[in-house]
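Peer 1: I'd like to go over a predicted model; first the sequence, then the structure.
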Amino acid sequence: MGEGMEHIKQGFLMEIKQNDDYLFIALKAMGKLTYHDYQTLVLEIELALDSLAVRKIKALVDVTQLTGWTLRALWEDCKFGLRHRKTFIKVAIYGAKGRYKYAALVGQLFISGEMKYFEQQDEAFGWVSETR
């Protein structure tokens, strides 16, 4: 690896906090995501949902280090979104790359809750944390 180059890890970092009414998921996507990455993510989220009486999610998704995803991973994401379309209350996606703004618009078609793109983390966190 050349001098000054940063090694980008691949996959997800995830933190799940359980509230009385919903799960709050903070997710960081890194590198090029694969089918295996999504399988691991889905399993963890579904295990957390099984422990709740009310199955609702608010999510904060960091795509600042995301470089892309495989077609199979994208398909898994769409299937998960459709399967849990009524589960998501709000999803805030943030990152410096404007192309993910369009991913948020497309993602909105798969869930019944709200999904928005932000360039700054503090704006995204503020919006997803609002009570309504």
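Peer 2: Sure, I can see it. Here the structure is a predicted model, which is why all the values come from computation and not from measurement.

Peer 1: Now do the buried residues in the helix ranked longest in the chain.
Peer 2: The longest helix of the chain (DSSP state H) is helix 35-50. By neighbour count on 16 or more other Cβ atoms under 10 Å, the buried set for helix 35-50 is Asp37, Tyr38, Leu41, Val42, Ile45, Ala48, Leu49. Yep, even glycine has a C-beta here, placed from its N, CA and C like the rest.

Peer 1: My read is that Asp37 contacts Gln10, right?
Peer 2: Yes. Under the criterion of Cβ atoms under 8 Å, Asp37 makes contact with Gln10 at 7.1 Å.

Peer 1: Now list whatever residues contact both of these two.
Peer 2: Residues touching both Asp37 and Gln10 (Cβ atoms under 8 Å, 6 or more residues apart in numbering): there are none.

Peer 1: which residue ranges form the strands in this structure?
Peer 2: 11-18, 23-33, 57-69, 88-94, 114-118 (DSSP state E).

Peer 1: hey, which of those strands is tucked in deepest?
Peer 2: Ranked by mean neighbour count, these are led by strand 88-94 with a mean of 22 (mean count of other Cβ atoms under 10 Å).

Peer 1: Distance of Phe88 relative to Gly68?
Peer 2: 23 Å (Cβ to Cβ, to the nearest Å).

Peer 1: now Leu49
Peer 2: 27 Å.

Peer 1: and what of His36?
Peer 2: 15 Å.

Peer 1: and if you look at Met115?
Peer 2: Distance from Met115 to Gly68, by Cβ to Cβ: 19 Å.

Peer 1: mind listing what the most centrally placed residue in the chain touches?
Peer 2: Most central in the chain under Cα atoms, centre = their mean is Val61, positioned 4.2 Å from the mean C-alpha point. Applying Cβ under 8 Å, 6+ apart, we find Val61 in contact with Leu27, Lys28, Ala29, Val91, Ala92, Ile93, Tyr94.
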